[in-house]
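Asker: need the 3D shape of this:
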Amino acid sequence: MLLFPGYAQLFNPSAPDVSRLVPASRFARDGTNVSVRRKSFIVSTLRKRIEHALHTRALSPGDRLPSTRTVGSELGADPRVVMAAYQVLADEGLVELRPRSGAYVSSVNAAAPIDRTPAPNVLADILVAGVVRGFSLASFTDHLRIAALGRRLRATVIAPTADHVHGLARELRADYGLATNALLPEQLKATGSARSALVRTQIIVTTRDLKDDVERVAGPLGKPIMVADVRPPFLTEEWKKLLRFGRIYLVAADERFLEPARVYLKKIVDLDNLRILIAGRDDLAAIPPQAPTYVTEAARQKLGKTRIPGQLIPPPRLLAEHSVRMLVTFIVAENMDQSG
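Answerer: Have a look, this model is predicted:
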């Protein structure tokens, strides 16, 4: 039985049984406790499947996940180990555990930045991974600090519209501590300041539709180029409550953003109830005081201190999990290389 019935592409039935990935003895050759490795493998497997299923819409927030017995049978693991893996994902905010009901995809906005302190066992798992590989707690913590905060790296973001480019740049600054430059495609073709920005940057972040153009211009500079894929939109509990209002307002800076925004949101929002306004062109006073209103980062910058009516929706995280992994891997490698 597949973890997500009806979506065979999410699972490779020929993948090795987890029991074959670890030695039969209590401890692996590297000294790692087998049960710890087994749980880590299951956590990683479930996390990837759930993230991928959300991305492909095979799953939505609030959907029930397979039982521990089903997952255990499929992966050759004790249901208690599967339960422990689900608990890790619950601590991360990806899964909800409901007493006497089972595991569910979290209905909390998984795309939103987390301001709370991480759960102790989330941090403990990271530190344990270092200690079992021979590092002391102090030295491993030092390496983590250097890997994440070693130096201020700079990214140049190139995207189709001001709303795209400034939204991505905001996330790179807020979540990854990167300094950013923002370029539009027409600026990329120019010389001078655009070329200077590319020369000074450590990584170029762009969208899939601009990848070839960016490679032609920036490729000769030898800078790494990362394609930033965006999370799919999905209905969180917050959005469900806001949708009850009826009409939703989106304030953008660039008219070219209108059509991509409609395409992106049409699966979760009735487009008849979506009103898109352009900052500096349309009258924002038309927004009712309690109406759910999302203002793009570019529109915020364009409007300055202008008061925006409506109930403002906080910006979600944009980057898909595999793009997050690529970016963090780059940051860690750059910082560790400099420290060495």
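Asker: contacts only, for the closest residue to residue 291 other than its chain neighbours.
Answerer: Ranked by CB to CB, 6 or more residues apart in numbering and with sequence neighbours excluded, the top spatial neighbour of residue 291 is residue 310, at 4.5 Å. C-beta coordinates here come from the backbone N, C-alpha and C atoms, glycine included. The contact partners of residue 310, taken as CB atoms under 8 Å, 6 or more residues apart in numbering, are 249, 287, 288, 289, 290, 291, 292, 293.
Asker: repeat the analysis, applying 6 Å as the threshold.
Answerer: When contacts are counted by CB atoms under 6 Å, 6 or more residues apart in numbering, residue 310 touches 249, 287, 291, 293.
Asker: how near is it to residue 268?
Answerer: Look at residue 310 and residue 268: by CB to CB, to the nearest Å, they are 19 Å apart.
Asker: with residue 219 instead?
Answerer: Separation of residue 219 from residue 268 (CB to CB) stands at 37 Å.
Asker: the more surrounded of those two?
Answerer: residue 268 (15 against 12; other CB atoms under 10 Å).
Asker: after the longest helix seen in the chain, next one along is what?
Answerer: The residue-count maximum for a helix in the chain (DSSP state H) belongs to helix 34-56. Downstream of helix 34-56, the next assigned helix or strand under DSSP states H and E is helix 68-75.
Asker: which elements pack onto that next one?
Answerer: Using 3 or more CB pairs under 6 Å, 6 or more residues apart in numbering; DSSP states H and E, the elements in contact with helix 68-75 are helix 79-92.
Asker: mind checking how far the helix it packs on is from the chain centre?
Answerer: Offset of helix 79-92 from its chain centre (CA atoms, centre = their mean, to the nearest Å): 21 Å.
Asker: next one: stretch 132-152
Answerer: A distance of 23 Å separates the C-alpha centroid of stretch 132-152 from that of its chain, computed with CA atoms, centre = their mean.
Asker: so how far is residue 282 from residue 298?
Answerer: According to CB to CB, residue 298 and residue 282 sit 15 Å apart.
Asker: which one of those two has more residues nearby?
Answerer: The residue with more neighbours, out of residue 298 and residue 282, is residue 298; 24 against 14, by other CB under 10 Å.
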